[in-house]
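K.L.:
What follows is a predicted protein model with its sequence.
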Amino acid sequence: MDKFVTSQNYICVSGYGWSGSSACVDLLKEFEGFGALQGEFRIAKDPYGLRDLEGSLVHNWDFIRHDVAIRDFLAFCKVLSRGTGLFSKVGKNFANKLNIDFMLESKSYIDRLTNMIYLGDTFVHRYNIPAYKNFIMKARNKLGKNNAKLMYFARPNEVDFIRETRDYIDSLFVNYMSIEKINTLVLDQAIPPTNIIGTSKYFKNIKVIIVDRDPRDIYANMVKRSRLLGSDLSNIDSATKYIQWHKQLRRMSVIDSNNIDIDKYILRLSFEDLVLKRDNSVEKIIKFLGGDAQHKNKDVYFSPAYSAKNIGLWKSYTDQSVMDKISKELESYCYAG
């Protein structure tokens with residue numbers, strides 16, 4: 001590890017979809033010794049990511065399931081590693097962003113979790129192959145030839161899995177933090193508000209900030225951008241599905257928050273207060289981080305005036321009956337000022 005990075009600290013910022021987490025990331029970038037990775041970092045929570053890997057290798061183990069889970073994880077890592085372009089496959093370009101061999105680190109991580117690799121043959125591996133390949137494999141069987149391929153055998157316990165995963169996460173960022181000369185890395189959307197406990201354990205030194213926002217403005221943004229369930233909402237112009245969706249997110253968040261120690265490393269801020277009461281929000285952040293953090297670069301990245309344009313969007317929404325319904329059903333989450 002580079003001598004500058006004596007310890008790697010993480011602040012993960014998240015929200016409930018279009019809640020303004022990027023504004024909080026911009027604010028945190030203004031703190032001394034802090035930096036932020038460009039774009040979202042979702043390897044812990046997304047399908048085929050670390051949460052799914054832990055489920056198959058530790059909690060729901062089966063002698064075939066874990067092999068499939070490892071292959072899915074490595075395929076996901078390829079997406080995260082590679083760049084993208086107009087006529088290429090989707091990619092997140094983390095290999096270049098982090099200045100590492102992303103796949104090498106990921107394969108090394110899997111090697112540490114794996115007990116052995118062996119030659120095996122199972123029909124599970126044929127679920128998604130093209131018809132012509134299935135025909136060839138059947139023909140090989142008829143001829144007495146096998147279709148064996150290398151398979152992973154991995155059965156780590158939970159303690160070992162968490163330890164190796166934390167080391168893996170650190171290995172992904174050590175070069176980046178050294179080059180940027182930072183000791184605290186801010187990650188956007190790394191930890192979901194609905195499963196903080198289950199995903200934050202993958203980071204050694206972590207603080208989590210959850211950014212809330214008036215659900216009426218979230219709805220207006222979703223419809224405008226046609227993101228998440230916004231496309232469906234704009235077609236039927238109904239709040240029913242959105243209210244159901246939002247209530248479920250909140251329900252899962254409450255269940256997760258019932259842990260007695262969770263408030264020690266989680267701060268909840270409203271997007272509106274972050275923008276309209278910035279100085280007060282900065283004080284809360286400094287206290288949350290232990291009192292030593294210094295907000296030295298005010299107005300360099302975060303612009304309250306710009307972000308203020310995204311407050312109260314619901315007031316100009318065409319159909320105010322929709323907003324009335326959201327206000328009634330989600331009253332406790334609406335910003336009162």
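P.N.:
Thanks, I have the structure now.

K.L.:
how deep is K309 tucked in, by neighbour count?
P.N.:
10 (other CB atoms under 10 Å). Any C-beta I mention is one placed from the backbone N, CA and C, and that applies to glycine too.

K.L.:
same question, D67
P.N.:
D67: 25 neighbours (other CB under 10 Å).

K.L.:
so where does it fall, helix or strand?
P.N.:
helix 65-81 (DSSP states H and E).

K.L.:
list the buried ones in that helix?
P.N.:
Counting neighbours by 16 or more other CB atoms under 10 Å, one finds that the buried residues in helix 65-81 are 66-70, 72-74, 76-77, 80-81.

K.L.:
how would you label L185: helix, strand or coil?
P.N.:
Secondary structure state of L185, per DSSP: H, G, I helix; E, B strand; the rest coil, is strand.

K.L.:
give the contact list for it.
P.N.:
By CB atoms under 8 Å, 6 or more residues apart in numbering, the residues touching L185 are 8-11, 34-37, 173, 176-177.

K.L.:
quick one: which of the residues you listed is most hemmed in?
P.N.:
Neighbour-wise, these (other CB under 10 Å) top out at I11, 29 neighbours.

K.L.:
Who is it paired with across the strands?
P.N.:
Beta-bridge partners for I11, by DSSP bridges, are V186, K207.

K.L.:
what's the distance between the spatially most distant residue from the centre of the chain and D214?
P.N.:
What lies farthest from the middle of the chain is L143; by CA atoms, centre = their mean that is 47.7 Å. The spacing between L143 and D214, counted by CB to CB, to the nearest Å, is 66 Å.

K.L.:
downstream neighbour of the lowest-mean-pLDDT helix or strand in the chain in the secondary structure list?
P.N.:
Lowest by mean pLDDT, DSSP states H and E among the helices and strands of the chain is helix 230-236, with a mean of 71. Counting by DSSP H and E, the next helix or strand C-terminal to helix 230-236 is helix 240-257.

K.L.:
Check what contacts that next one and list those residues.
P.N.:
So helix 240-257 is contacted by 16-17, 193-198, 210, 215, 218-219, 222, 229, 232-233, 262, 266, 325-326, 329-330, 333 (CB under 8 Å, 6+ apart).

K.L.:
Out of the residues you listed, list just those in helices.
P.N.:
Applying DSSP state H to the contacts of helix 240-257, the entries found in helices are 196-198, 215, 218-219, 222, 232-233, 325-326, 329.

K.L.:
what residues are up against the closest residue to A190 other than its chain neighbours?
P.N.:
Nearest non-adjacent residue to A190, counting by CB to CB, 6 or more residues apart in numbering: C12, 4.2 Å away. Contact analysis of C12 by CB under 8 Å, 6+ apart lists 186-187, 190-191, 200, 203, 206-209.

K.L.:
Widest-spaced pair of those?
P.N.:
For the contacts of C12, the maximum inter-member distance is 14.5 Å, found between V186 and S200 (CB to CB).

K.L.:
Which other helices and strands does the helix holding D67 contact?
P.N.:
helix 50-54, helix 94-98, helix 102-113, strand 149-153 (3 or more CB pairs under 8 Å, 6 or more residues apart in numbering; DSSP states H and E).

K.L.:
for this protein, which spans come out with low pLDDT?
P.N.:
1-6, 234-237, 254-262 (pLDDT under 70).

K.L.:
Walk me through the domains of it.
P.N.:
7-33+183-337, 124-153 (automatic domain parsing).

K.L.:
What separation is there between S332 and M151?
P.N.:
Taking CB to CB, one finds S332 at 51 Å from M151.

K.L.:
which outside residues touch stretch 157-165?
P.N.:
Taking CB under 8 Å, 6+ apart as the rule, stretch 157-165 contacts 50, 54, 57-59, 109, 112-113, 156, 201-202.

K.L.:
ok, 10 Å please
P.N.:
43-44, 50, 53-54, 57-59, 108-113, 154, 156, 201-204 (CB atoms under 10 Å, 6 or more residues apart in numbering).
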